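>>> need coordinates for the following:
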Amino acid sequence: MPLLRFNLALKEVNKMKTKFDELLEFPTVLNFKVMGVACDELPDLIIAELQKHTPGDYVPKIKPSSKGTYHSVSIAVTVTSKEHIETIYKTLTAIDQVRYVL
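Reported below is the predicted structural model:
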């Protein structure tokens, strides 16, 4: 019985991958929102990491939290594949000052 459940779950995952692939055409521009500890260098750290995978001119939009403890940095990035999106998420979440990436 567990093997049957695993196979059904795997089919659902494959179906989701297909739907994801149908919804996006590459290359496309995605907006990433990175939330991290409020510090002046946060946007520069984010851009430096993006430059490693997607060189370009970035214009981040920075919004401080109500208490000023965190900054939200929104940035538009041209992505070329699903794997490229995953790489960017992993790279940005590896920055020490970053708490969330959406």
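>>> helix, strand or coil for the most centrally placed residue in the chain?
Taking CA atoms, centre = their mean, the centroid of the chain lies closest to Tyr89, which sits 3.6 Å from it. Of the three states, Tyr89 takes helix under DSSP: H, G, I helix; E, B strand; the rest coil.
>>> and it, what is it in contact with?
Contacts were defined as CB atoms under 8 Å, 6 or more residues apart in numbering; by that measure Tyr89 touches Val101. Where you see a C-beta, it was placed from the backbone N, CA and C, and this is true even at glycine.
>>> do that again at 10 Å, thanks
Going by CB atoms under 10 Å, 6 or more residues apart in numbering, Tyr89 touches 32, 34, 101-102.
>>> what about these, which one has the most neighbours?
Among those, the one with the most neighbours (other CB atoms under 10 Å) is Val34, at 27 neighbours.
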